[in-house]
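Mind looking at a prediction? Sequence and model below.
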Amino acid sequence: MKTGAVIAAAGVPGGFSSYDTMENVDAADMIRRMIFSFRRSGVADIVVVTGYKAEETERKLKKLGVVFLRSPSYETEQLIDYAVRGFSYLRHSCRRIFFCPAENPLFTEETIRLMLEQKAPVVIPSYEGKKGHPVLADSDLTDRIAAYRGDRGLKGAIDASGVQVVVLPVGDGGVIASARREKEFELIAEKQFPQDIHPRVKVQLVKNEAFFGPGMMVLLKQIEVLGNIREACEKTGMSYSKGWTLIRTAEKEMGCTIVERSPGGKHGGTARVTATGRRLMDKYEKLCREAEAYTEKRYRELFGREI
(Lines give C-alpha, C1' and ligand atoms only; values in the text may rest on other atoms or scores of the structure.)
Protein backbone atom coordinates (compact mmCIF):
# COMPACT_ATOMS: atom_id res chain seq x y z
CA MET A 1 0.00 0.00 0.00
CA LYS A 2 0.95 3.63 -0.44
CA THR A 3 2.22 6.26 1.96
CA GLY A 4 0.07 9.32 2.65
CA ALA A 5 0.47 12.62 4.46
CA VAL A 6 -1.71 14.88 6.59
CA ILE A 7 -0.90 18.60 6.81
CA ALA A 8 -2.63 20.43 9.67
CA ALA A 9 -3.43 23.94 8.41
CA ALA A 10 -6.58 24.66 10.36
CA GLY A 11 -5.76 27.28 12.98
CA VAL A 12 -3.79 28.09 16.11
CA PRO A 13 -2.93 24.42 16.84
CA GLY A 14 -0.28 23.67 14.24
CA GLY A 15 0.78 27.29 14.02
CA PHE A 16 -1.02 28.12 10.78
CA SER A 17 -2.12 31.53 12.05
CA SER A 18 1.52 32.35 12.95
CA TYR A 19 2.16 33.27 9.32
CA ASP A 20 -0.14 36.29 9.65
CA THR A 21 2.64 38.28 11.33
CA MET A 22 5.29 37.50 8.72
CA GLU A 23 5.91 40.03 5.97
CA ASN A 24 8.15 37.86 3.80
CA VAL A 25 6.55 34.43 4.19
CA ASP A 26 3.19 33.35 2.75
CA ALA A 27 1.28 30.54 4.45
CA ALA A 28 0.04 28.99 1.19
CA ASP A 29 3.58 28.99 -0.21
CA MET A 30 4.77 27.06 2.84
CA ILE A 31 2.03 24.44 2.48
CA ARG A 32 2.78 24.23 -1.23
CA ARG A 33 6.41 23.57 -0.36
CA MET A 34 5.37 20.75 1.98
CA ILE A 35 3.17 19.18 -0.69
CA PHE A 36 5.97 19.19 -3.27
CA SER A 37 8.52 17.85 -0.76
CA PHE A 38 6.22 14.94 0.09
CA ARG A 39 5.38 14.26 -3.56
CA ARG A 40 8.99 14.23 -4.75
CA SER A 41 9.78 11.77 -1.95
CA GLY A 42 7.17 9.28 -3.15
CA VAL A 43 4.23 10.19 -0.89
CA ALA A 44 1.12 9.57 -2.98
CA ASP A 45 -1.99 10.87 -1.21
CA ILE A 46 -1.97 14.17 0.67
CA VAL A 47 -4.69 15.61 2.90
CA VAL A 48 -4.75 19.24 4.04
CA VAL A 49 -6.93 19.89 7.10
CA THR A 50 -8.27 23.45 6.86
CA GLY A 51 -10.30 25.74 9.11
CA TYR A 52 -8.87 29.21 9.70
CA LYS A 53 -8.93 31.06 6.34
CA ALA A 54 -10.12 27.78 4.80
CA GLU A 55 -11.62 29.20 1.60
CA GLU A 56 -8.51 31.26 0.83
CA THR A 57 -6.18 28.35 1.51
CA GLU A 58 -8.22 25.88 -0.55
CA ARG A 59 -8.48 28.33 -3.46
CA LYS A 60 -4.72 28.84 -3.57
CA LEU A 61 -3.95 25.10 -3.41
CA LYS A 62 -6.86 23.60 -5.35
CA LYS A 63 -4.80 22.79 -8.46
CA LEU A 64 -2.26 20.69 -6.57
CA GLY A 65 -4.32 17.50 -6.43
CA VAL A 66 -4.70 17.30 -2.65
CA VAL A 67 -7.79 16.51 -0.60
CA PHE A 68 -9.19 19.15 1.75
CA LEU A 69 -10.84 18.15 5.02
CA ARG A 70 -12.38 21.21 6.59
CA SER A 71 -12.56 21.39 10.38
CA PRO A 72 -15.80 23.09 11.45
CA SER A 73 -14.56 23.42 15.05
CA TYR A 74 -10.97 24.47 14.38
CA GLU A 75 -11.08 27.15 17.10
CA THR A 76 -11.53 24.53 19.83
CA GLU A 77 -9.79 21.48 18.35
CA GLN A 78 -6.24 20.35 19.00
CA LEU A 79 -3.54 18.92 16.73
CA ILE A 80 -4.48 15.38 17.65
CA ASP A 81 -8.01 16.03 16.35
CA TYR A 82 -6.60 17.08 12.98
CA ALA A 83 -4.39 13.98 12.94
CA VAL A 84 -7.32 11.67 13.66
CA ARG A 85 -9.42 13.33 10.94
CA GLY A 86 -6.69 12.92 8.35
CA PHE A 87 -5.63 9.42 9.41
CA SER A 88 -9.24 8.21 9.37
CA TYR A 89 -9.59 9.44 5.81
CA LEU A 90 -6.36 7.83 4.54
CA ARG A 91 -6.20 4.65 6.61
CA HIS A 92 -7.80 2.35 4.02
CA SER A 93 -5.62 3.48 1.11
CA CYS A 94 -2.28 4.12 2.87
CA ARG A 95 -0.22 1.78 5.04
CA ARG A 96 1.85 4.60 6.55
CA ILE A 97 0.95 8.25 7.07
CA PHE A 98 3.03 11.34 7.75
CA PHE A 99 1.59 14.03 9.99
CA CYS A 100 2.94 17.57 10.02
CA PRO A 101 1.62 20.89 11.38
CA ALA A 102 1.67 23.81 8.95
CA GLU A 103 4.14 25.61 11.20
CA ASN A 104 6.87 23.06 10.35
CA PRO A 105 7.26 23.16 6.54
CA LEU A 106 11.05 23.33 6.20
CA PHE A 107 11.96 19.63 6.40
CA THR A 108 13.91 18.30 3.41
CA GLU A 109 13.10 15.52 0.97
CA GLU A 110 16.17 13.65 2.19
CA THR A 111 14.64 13.53 5.69
CA ILE A 112 11.41 12.06 4.28
CA ARG A 113 13.35 9.39 2.38
CA LEU A 114 15.41 8.48 5.45
CA MET A 115 12.23 8.14 7.51
CA LEU A 116 10.62 5.91 4.90
CA GLU A 117 13.60 3.55 5.11
CA GLN A 118 12.79 2.84 8.78
CA LYS A 119 10.45 -0.09 9.43
CA ALA A 120 9.20 0.84 12.92
CA PRO A 121 5.47 1.61 13.49
CA VAL A 122 6.38 5.22 14.40
CA VAL A 123 9.33 7.31 13.23
CA ILE A 124 10.11 10.78 14.63
CA PRO A 125 13.01 12.88 13.25
CA SER A 126 15.32 14.73 15.62
CA TYR A 127 17.90 17.45 15.19
CA GLU A 128 20.59 18.11 17.80
CA GLY A 129 18.64 16.03 20.30
CA LYS A 130 15.28 17.78 19.74
CA LYS A 131 12.34 15.84 18.31
CA GLY A 132 10.56 17.43 15.37
CA HIS A 133 8.18 16.95 12.45
CA PRO A 134 6.87 15.32 10.39
CA VAL A 135 5.91 12.19 12.33
CA LEU A 136 5.46 8.95 10.38
CA ALA A 137 3.04 6.35 11.78
CA ASP A 138 1.39 3.13 10.65
CA SER A 139 -2.22 3.74 9.64
CA ASP A 140 -3.44 0.86 11.83
CA LEU A 141 -2.66 3.05 14.85
CA THR A 142 -5.60 5.33 13.93
CA ASP A 143 -8.05 3.80 16.41
CA ARG A 144 -5.57 3.89 19.28
CA ILE A 145 -4.74 7.54 18.57
CA ALA A 146 -8.45 8.40 18.38
CA ALA A 147 -9.11 6.61 21.69
CA TYR A 148 -6.45 8.57 23.59
CA ARG A 149 -7.95 10.75 26.34
CA GLY A 150 -4.80 12.22 27.88
CA ASP A 151 -3.58 15.78 27.67
CA ARG A 152 -0.28 15.24 25.79
CA GLY A 153 -1.68 15.30 22.29
CA LEU A 154 -0.42 13.12 19.45
CA LYS A 155 2.89 12.28 21.11
CA GLY A 156 1.03 11.23 24.25
CA ALA A 157 -1.23 9.01 22.15
CA ILE A 158 1.81 7.42 20.49
CA ASP A 159 3.46 6.77 23.86
CA ALA A 160 0.23 5.27 25.20
CA SER A 161 -0.06 2.94 22.19
CA GLY A 162 2.97 0.96 23.38
CA VAL A 163 4.39 0.47 19.86
CA GLN A 164 8.06 0.79 18.92
CA VAL A 165 9.12 4.38 18.23
CA VAL A 166 12.33 5.16 16.33
CA VAL A 167 13.76 8.62 16.99
CA LEU A 168 15.85 9.26 13.89
CA PRO A 169 18.70 11.80 14.11
CA VAL A 170 18.93 13.87 10.91
CA GLY A 171 21.13 16.74 9.78
CA ASP A 172 18.08 18.80 8.91
CA GLY A 173 17.31 21.80 11.12
CA GLY A 174 14.03 22.22 9.27
CA VAL A 175 12.43 19.44 11.34
CA ILE A 176 12.45 21.68 14.43
CA ALA A 177 12.04 25.08 12.72
CA SER A 178 8.68 26.56 13.70
CA ALA A 179 6.77 29.51 12.29
CA ARG A 180 6.01 30.44 15.91
CA ARG A 181 9.71 31.41 16.25
CA GLU A 182 9.68 33.95 13.46
CA LYS A 183 13.31 35.10 13.28
CA GLU A 184 14.77 31.59 13.46
CA PHE A 185 12.22 30.35 10.94
CA GLU A 186 12.95 33.07 8.38
CA LEU A 187 16.70 32.48 8.65
CA ILE A 188 16.33 28.76 7.90
CA ALA A 189 13.82 29.47 5.12
CA GLU A 190 16.19 31.98 3.52
CA LYS A 191 19.03 29.47 3.70
CA GLN A 192 17.02 26.62 2.19
CA PHE A 193 15.03 28.32 -0.55
CA PRO A 194 17.93 29.02 -2.94
CA GLN A 195 18.54 25.25 -2.94
CA ASP A 196 14.85 24.52 -3.37
CA ILE A 197 14.57 24.86 -7.16
CA HIS A 198 13.10 21.84 -8.91
CA PRO A 199 11.40 21.18 -12.22
CA ARG A 200 7.70 20.46 -12.06
CA VAL A 201 6.08 17.99 -14.44
CA LYS A 202 2.38 18.01 -15.25
CA VAL A 203 1.34 14.94 -17.22
CA GLN A 204 -1.87 15.09 -19.26
CA LEU A 205 -3.38 12.53 -21.60
CA VAL A 206 -4.63 14.10 -24.83
CA LYS A 207 -6.68 12.88 -27.76
CA ASN A 208 -8.90 15.48 -29.39
CA GLU A 209 -8.47 17.48 -26.20
CA ALA A 210 -6.77 17.04 -22.83
CA PHE A 211 -8.92 14.59 -20.88
CA PHE A 212 -6.90 13.12 -18.01
CA GLY A 213 -4.54 14.90 -15.64
CA PRO A 214 -3.87 15.53 -11.93
CA GLY A 215 -7.37 16.90 -11.27
CA MET A 216 -9.09 13.86 -12.74
CA MET A 217 -6.72 11.55 -10.88
CA VAL A 218 -7.46 12.98 -7.46
CA LEU A 219 -11.20 13.07 -8.22
CA LEU A 220 -11.22 9.36 -9.07
CA LYS A 221 -9.26 8.55 -5.91
CA GLN A 222 -11.90 10.28 -3.83
CA ILE A 223 -14.76 8.58 -5.67
CA GLU A 224 -13.10 5.26 -4.75
CA VAL A 225 -13.01 6.25 -1.08
CA LEU A 226 -16.37 8.04 -0.80
CA GLY A 227 -18.53 6.33 -3.41
CA ASN A 228 -20.17 9.63 -4.31
CA ILE A 229 -19.27 12.18 -7.00
CA ARG A 230 -20.64 15.23 -5.19
CA GLU A 231 -18.73 14.48 -1.98
CA ALA A 232 -15.58 13.69 -3.96
CA CYS A 233 -15.80 17.08 -5.67
CA GLU A 234 -16.22 18.86 -2.33
CA LYS A 235 -13.17 17.14 -0.84
CA THR A 236 -10.99 18.15 -3.80
CA GLY A 237 -12.15 21.78 -3.85
CA MET A 238 -13.88 21.25 -7.20
CA SER A 239 -17.37 22.28 -8.26
CA TYR A 240 -19.85 19.48 -8.97
CA SER A 241 -20.31 20.65 -12.56
CA LYS A 242 -16.52 20.69 -13.10
CA GLY A 243 -16.26 17.13 -11.78
CA TRP A 244 -18.98 15.91 -14.11
CA THR A 245 -17.32 17.65 -17.05
CA LEU A 246 -13.99 15.94 -16.33
CA ILE A 247 -15.62 12.51 -16.12
CA ARG A 248 -17.71 12.94 -19.27
CA THR A 249 -14.77 14.28 -21.28
CA ALA A 250 -12.51 11.41 -20.21
CA GLU A 251 -15.16 8.81 -21.03
CA LYS A 252 -15.83 10.37 -24.43
CA GLU A 253 -12.14 10.46 -25.37
CA MET A 254 -11.44 6.95 -24.03
CA GLY A 255 -14.61 5.45 -25.49
CA CYS A 256 -15.39 3.54 -22.30
CA THR A 257 -16.99 3.93 -18.88
CA ILE A 258 -14.62 5.12 -16.17
CA VAL A 259 -17.18 5.82 -13.41
CA GLU A 260 -20.38 3.84 -12.96
CA ARG A 261 -23.22 5.87 -11.44
CA SER A 262 -26.42 4.88 -9.65
CA PRO A 263 -28.63 8.01 -9.51
CA GLY A 264 -30.89 8.96 -6.65
CA GLY A 265 -30.99 10.71 -3.29
CA LYS A 266 -30.14 14.24 -2.24
CA HIS A 267 -26.40 13.52 -2.54
CA GLY A 268 -26.62 12.42 -6.17
CA GLY A 269 -26.60 8.64 -5.72
CA THR A 270 -23.59 6.34 -5.57
CA ALA A 271 -20.60 5.98 -7.86
CA ARG A 272 -17.65 3.65 -8.29
CA VAL A 273 -14.56 3.55 -10.46
CA THR A 274 -14.72 0.73 -13.02
CA ALA A 275 -11.96 -1.83 -13.56
CA THR A 276 -11.01 0.06 -16.73
CA GLY A 277 -10.83 3.29 -14.74
CA ARG A 278 -8.66 1.62 -12.11
CA ARG A 279 -6.22 0.36 -14.75
CA LEU A 280 -6.08 3.85 -16.25
CA MET A 281 -5.28 5.32 -12.81
CA ASP A 282 -2.51 2.78 -12.16
CA LYS A 283 -0.86 3.40 -15.53
CA TYR A 284 -1.16 7.18 -15.18
CA GLU A 285 0.45 7.12 -11.71
CA LYS A 286 3.31 5.00 -13.03
CA LEU A 287 3.79 7.35 -15.99
CA CYS A 288 3.87 10.37 -13.66
CA ARG A 289 6.43 8.77 -11.33
CA GLU A 290 8.72 7.84 -14.21
CA ALA A 291 8.36 11.24 -15.89
CA GLU A 292 9.13 13.06 -12.63
CA ALA A 293 12.14 10.85 -11.88
CA TYR A 294 13.58 11.33 -15.35
CA THR A 295 12.97 15.09 -15.31
CA GLU A 296 14.60 15.49 -11.89
CA LYS A 297 17.61 13.45 -13.02
CA ARG A 298 17.95 15.42 -16.26
CA TYR A 299 17.54 18.72 -14.42
CA ARG A 300 20.44 17.88 -12.13
CA GLU A 301 22.58 16.88 -15.12
CA LEU A 302 21.86 20.13 -16.97
CA PHE A 303 21.75 22.63 -14.13
CA GLY A 304 23.85 21.02 -11.42
CA ARG A 305 23.44 22.63 -8.02
CA GLU A 306 23.38 26.16 -9.38
CA ILE A 307 21.73 27.80 -12.35
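Cool, the structure landed.

so what are the domain limits for the protein?
2-195, 205-288 (automatic domain parsing).

Residue 303 is nearest to which of the ones you listed?
With Cβ to Cβ as the measure, domain 2-195 is the member of those nearest residue 303 (11.9 Å). C-beta: built from backbone N, CA, C; applies to glycine.

continuing past the strand or helix carrying residue 31, what's the next helix or strand?
For residue 31, the enclosing helix or strand under DSSP states H and E is helix 27-40. Using DSSP H and E, the helix or strand that follows helix 27-40 towards the C-terminus is strand 45-50.

still on that earlier bit, of the domains of the chain, which approaches residue 304 most closely?
Judged by Cβ to Cβ, the one of the domains of the chain that comes nearest to residue 304 is domain 2-195, at 11.8 Å.

tell me the mean pLDDT over that closest one?
For domain 2-195, the mean per-residue pLDDT is 89.

from the chain's centre, how far out does it sit?
9 Å (Cα atoms, centre = their mean, to the nearest Å).

Then stretch 276-290?
Stretch 276-290 sits 19 Å away from the centroid of its parent chain (Cα atoms, centre = their mean).

Just the buried positions in it, please.
277, 280-281, 284, 288 (16 or more other Cβ atoms under 10 Å).

Quickly name whichever of those residues is closest to residue 181.
For these, the minimum distance to residue 181 (Cβ to Cβ) is 36.3 Å, reached by residue 288.

That closest one sits in which helix or strand?
With DSSP H and E as criterion, residue 288 is part of helix 275-303.

need the strands for this structure, in chain order.
Along the chain, the segments classed as strands by DSSP state E run 2-9, 45-50, 67-70, 94-101, 122-127, 130-131, 135-138, 165-169, 205-206, 210-212, 259-262, 270-273.

just so I know, which of these lies nearest residue 26?
Going by Cβ to Cβ, the one of the strands of the chain nearest residue 26 is strand 2-9, 12.5 Å.

can you state the direction angle for the closest one and helix 275-303?
Strand 2-9 runs at 70 degrees relative to helix 275-303, counting by axes from the mean of the first three to the mean of the last three Cα atoms, to 10 degrees.

how about strand 2-9: buried residues?
Neighbour-count burial for strand 2-9, counted by 16+ other Cβ under 10 Å, picks out 3-9.

Can you add distance to residue 128 and give the residues you listed back as a markdown table?
Output for the buried residues of strand 2-9, formatted as a markdown table (distance: Cβ to Cβ, whole Å):
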| residue | distance to residue 128 |
| --- | --- |
| 3 | 27 |
| 4 | 29 |
| 5 | 25 |
| 6 | 26 |
| 7 | 25 |
| 8 | 24 |
| 9 | 27 |
